[in-house]
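Engineer: only geometry, no sequence info:
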C-alpha cells in the first residue's frame, strides 16, 4: 500500500505472503490468508500444480500484486521445497 500511495500508476509490486493456502472457489483461484482471502491471477494448470505442491497446507507465496489480485511466481514450504509458475498464465 505504501508503494501505491507514492506512485498510484505502478503496474504491480512484489508481495510475499508467509502463510497462504491455495484453493479454488467457484471459477476463481484464491489464497486463504490470516486476514481473509487473496484472489490469484493464474492459469488452471499452474494453479493445480500450486495446490498439489501445498498439499492443502499453508506455504509461503511470492508474486506480483497489482492492487486487486496476485500473480504467484514462486512458493516454498518449511522443509525447503519450492514451486515456480510456468512461463504462461
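Structural biologist: Structure's in. What do you need? Just so it is clear, the structure is predicted and the values come from calculations on it, not from any experiment. Residues are numbered from 1 along each chain as shown.

Engineer: which residues in this structure form strands?
Structural biologist: Along the chain, counting by DSSP state E, strands occupy 13-25, 28-33, 36-39, 59-65, 70-76, 82-84.

Engineer: The ones you listed: which one's closest to residue 47?
Structural biologist: Minimum separation from residue 47 across the strands of the chain (Cβ to Cβ) falls at strand 28-33, 4.3 Å. No exception for glycine: its C-beta is placed from N, CA and C like everyone else's.

Engineer: so who does the residue nearest the centre of the chain touch?
Structural biologist: Nearest to the geometric centre of the chain sits residue 72, at 3.9 Å (Cα atoms, centre = their mean). By Cβ atoms under 8 Å, 6 or more residues apart in numbering, the residues touching residue 72 are 31, 40, 42, 46, 50, 61-63, 85.

Engineer: Quick one: low-confidence residue ranges for the chain.
Structural biologist: 1-5, 7-10, 87-89 (pLDDT under 70).

Engineer: mind checking the longest helix of the protein?
Structural biologist: helix 44-54 (DSSP state H).

Engineer: for it, packing partners?
Structural biologist: The contact analysis (3 or more Cβ pairs under 8 Å, 6 or more residues apart in numbering; DSSP states H and E) places helix 44-54 against strand 13-25, strand 70-76, strand 82-84.
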